[in-house]
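Colleague: pasting the sequence and the predicted coordinates here, then a few questions.
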Amino acid sequence: MVHEMANGTRDRSEDASLAQRIRDTQTRLRAALKPRYDFIVCGSGSSGSVVARRLAENPAVSVMLLEAGGSDDIDSVLKVEQWPRNLGSATDWQFVAEANPHLNGRSIPMNMGKVLGGGSSINVMMWARGHKDDWDHFAAEAGDPAWGYEAVLDIYRRIEDWRGAPDPDRRGTGSLVYVEPAPNPHQVATDLLDAAGTVGLPVFGSHNGAMMEGEGGVSIADIRARAGIRQSVFRSYTYPYMDRPNLTVLTDALVTKVTVQDKRATGVEIAYGGATHRIEAGSEVVLSLGAIHTPKVLMHSGIGDHAELARLGIAPVQNLPGVGRNMQDHPGIACVWESPQPLVPRNTAGEATYLWKSNPAVGTPDIQTCQSEIAAASAENAARFGLPAAGWTLNVGVVRPESRGSVRLTGSSPTDPVRIDANLLAEPADLAAAVSGVELCREIGNARPLRSHRKREVMPGNLTGRELERFVRDGALTYWHQSCTAKMGRDEMSVVDGHLRVYGIERLRIADASIMPRVTTGNTMAPCVIIGERAAQLLKDAHGL
């Protein structure tokens, strides 16, 4: 693996040597694809990359990792400051949700990564572990304490390479996942901490650890970047193992269905090189395609609501009405200020965050706001209020939403698009939380410590009542945390059990955000890594690896 020299720089010669070995090995493996692999992992995102790496650590195990997108070796992915260029590009699936009456009839983009690394290659690189209450809820839903916070905390300590203030009770060092507080943050970010403190939010050294165990607070953001280079989960986990002969990584390979015989997954069908191919799995198939494509592939495989599948002419295999249901996401609403002078963004352009409760009766934080060193808003609010040439944004997110959406098929062909009903802000409680979050955002954004960065408040200003609700509905966009469409649990709408096995189908597991019983508090990349680690260990235990 790549190592560091004494001065902290990378050994470029070893970088180049590994890259050449990977090119040679993968060229050879792709030229001689086998009809059968022990494990087929579908999707190279924040869970699939973990599963593939952990299985491939055993040289006796053959692993096929399938990715519909292409190479991540492009500037928009690798260079931290270029992440916005990925939105709407070839590295984005470019999904669009149905028109939503709760967003004043708007149809909003639902960006998801279509590239090696999935979402971890196009996201804003924030590392947020999820709240203690989230993981204890997972454990209760699964009936398995291995999903609980204390068990998950052990995994986080084991996998992290934390470069912030030492916290041995909660943080790990020296492992695969490089995490650091945004280095040398912009003054607007550090002043945000002081501004939040004026309204009673405690200041923490990290928004993980203790801050994710209580009522919340404010901190500089933990990010997955190093010296201006994105640290995707794929690059941390899978890439260093791609010079090994037992791991084949196939790009531009679209998984269209799981092949099933006698209620047992036997492999997958893929669209690759202009043709349809079948690949067999000797041990198991793992779906890690994300909260939109995982239910899509399940339904095309005959796994889902039988009545709906029959209506589309898809032969039913296993009746699981929860497939594609329970969709959850974090709606985000931008509040914008004009700055007296242009801001030059640093790091990911978003370096501070706070989590807090929308009202004192809420048990745990239900709003998260992320600061951005650019002025940005929905098209509707930008047209209404205007965007300044120089400014900064506080994006209010509802992170414990009650609204539920769905993913449905529109036809029997894998090339038919899916219908995404995100249903954001459908529940009155979510609208109330969003309004409360905007009001808190304005209070903090207009506080004295941020005065030097504030020429004027651009939006929303002193709106109240229905006008403020209109601003929220016109402003809500996805925070890109789509999840929960193949949930883990024990009720009739559950799709997988506590071991991530699809109910009624042997040798088929799911490892991605779709298995979440409810979306975690904060950004979802880190929880997806945990899901991948749990899946890999469960597979190893099941197969004696």
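Modeller: Perfect, I can see it now.
Colleague: could you list every helix and strand that the longest strand seen in the chain packs against?
Modeller: Secondary structure assigned by DSSP state E gives strand 275-287 as the longest strand of the chain. Judged by 3 or more C-beta pairs under 8 Å, 6 or more residues apart in numbering; DSSP states H and E, strand 275-287 is in contact with strand 36-42, strand 254-261, strand 264-272, helix 290-300, strand 508-510, helix 525-543. For the C-beta atoms, the positions are set from N, CA and C on the backbone; glycine is no exception.
Colleague: and residue 187, which of the ones you listed is closest to it?
Modeller: For the helices and strands packed on strand 275-287, proximity to residue 187 was assessed by C-beta to C-beta; helix 525-543 is nearest, at 27.0 Å.
Colleague: for the closest one, buried residues please.
Modeller: 525-536, 538-539 (16 or more other C-beta atoms under 10 Å).
Colleague: for those residues, which one is nearest residue 61?
Modeller: Closest approach to residue 61 among these (C-beta to C-beta): residue 539, at 9.6 Å.
Colleague: where does the closest one land on pLDDT?
Modeller: Predicted confidence (pLDDT) for residue 539: 98.
Colleague: quick check: it touching residue 286?
Modeller: Yes: between residue 539 and residue 286 there is a contact under C-beta atoms under 8 Å: 7.4 Å.
Colleague: common neighbours of these two, please.
Modeller: Contact with both residue 539 and residue 286 is made by residues 39, 51, 509, according to C-beta atoms under 8 Å, 6 or more residues apart in numbering.
Colleague: among those, who's most crowded?
Modeller: Counting neighbours by other C-beta atoms under 10 Å, residue 51 leads those with 33 neighbours.
Colleague: the helix or strand of the chain with the lowest mean pLDDT - contacts with which helices or strands?
Modeller: When the helices and strands of the chain are scored by mean pLDDT, DSSP states H and E, helix 12-31 comes last with a mean of 91. If contacts are counted by 3+ C-beta pairs under 8 Å, 6+ apart, helix 12-31 sits against strand 247-250.
Colleague: next one: the strand it packs on to chain centre, how far?
Modeller: Computed by C-alpha atoms, centre = their mean, to the nearest Å, the chain-centroid distance of strand 247-250 equals 22 Å.
Colleague: and that strand, what does it pack onto?
Modeller: Partner elements for strand 247-250 (3+ C-beta pairs under 8 Å, 6+ apart): helix 12-31, helix 48-56, strand 63-66.
Colleague: residue 438: which of the ones you listed is closest?
Modeller: helix 48-56 (36.0 Å).
Colleague: what comes into contact with that closest one?
Modeller: Under the criterion C-beta under 8 Å, 6+ apart, residues 38-39, 41-42, 44, 61, 63, 65, 117-118, 120, 232-234, 236-238, 241, 244, 246-247, 249, 286, 288-289, 511-512, 529, 532-533, 535-537, 539-540, 545 lie in contact with helix 48-56.
Colleague: make it 7 Å
Modeller: For helix 48-56, contacts defined as C-beta atoms under 7 Å, 6 or more residues apart in numbering pick out 39, 41-42, 61, 63, 65, 117, 233-234, 237-238, 241, 244, 246-247, 286, 288, 511, 529, 532-533, 535-536, 539.
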